[in-house]
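# predicted model and sequence follow; I will ask about them next.
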Amino acid sequence: MEYELKKPLQVYSKDKGEYEKQSIIVVSFIGRKGLQVMKRLQDEIFKVFTEQGKNRSAKEDTQKAKEDDKVVTTDELFDALEMTGQSSHLFQEITGALKAFATINGSKLTEDLLDEMDMEDLDAIYEAVIKDFLLPKITSRMNSMKK
């Protein structure tokens, strides 16, 4: 996945030997470690919904059973996830994963670069990783379990 930053970052260019503004971040969870991180992040999301399920009343369970007939979309699941109160924890997990699997101008996305990023860009990358990498598999599982 490629994400274009709204506010470019100053990144050292090995080719030119100087800092230059870069605006494209490439995120790719590749190999065994990439799959392992994706599975761990998906487990964190499942854990959030499991915790929320424990706190529901019988009336909510009945309402949920009626809603189970409809197909869950990635956007709906993302909205539900944001309302659980666990987005801070998930953000921390995802930004940790970005340090290992995201690059800008061919260099790893470091903690310092993450700290320099605009809040809007950080939030948009967080949302994109969840929607592009994590939620499609989760929504697929949830929809197949209903059948």
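Right, received. Where do you want to start? As the structure is a prediction and not an experimental result, all values here were calculated from the model.

# any regions of this structure where pLDDT drops low?
Across the chain, the ranges flagged by pLDDT under 70 are 53-69, 146-147.

# ok, and for the lengthiest helix in the chain, which residues are buried?
Longest helix of the chain, by residue count under DSSP state H: helix 31-54. Within helix 31-54, the residues that count as buried by 16 or more other C-beta atoms under 10 Å are 37-38, 41-42, 44-45, 48, 52. Just so you know, the C-beta spots here come from the backbone N, C-alpha and C atoms, and that holds for glycine as well.

# now for those residues: which two are most distant?
Spatial extent of the buried residues of helix 31-54 (C-beta to C-beta) is set by the pair Val37 and Gln52 at 23.4 Å.

# quick one: contacts of the longest helix of the chain?
If you take C-beta atoms under 8 Å, 6 or more residues apart in numbering as the criterion, helix 31-54 is touched by 28-29, 80-81, 84, 86, 89-90, 93-94, 97, 100-101, 130, 133-135, 137-138.

# so how far is it off the chain centroid?
11 Å (C-alpha atoms, centre = their mean, to the nearest Å).
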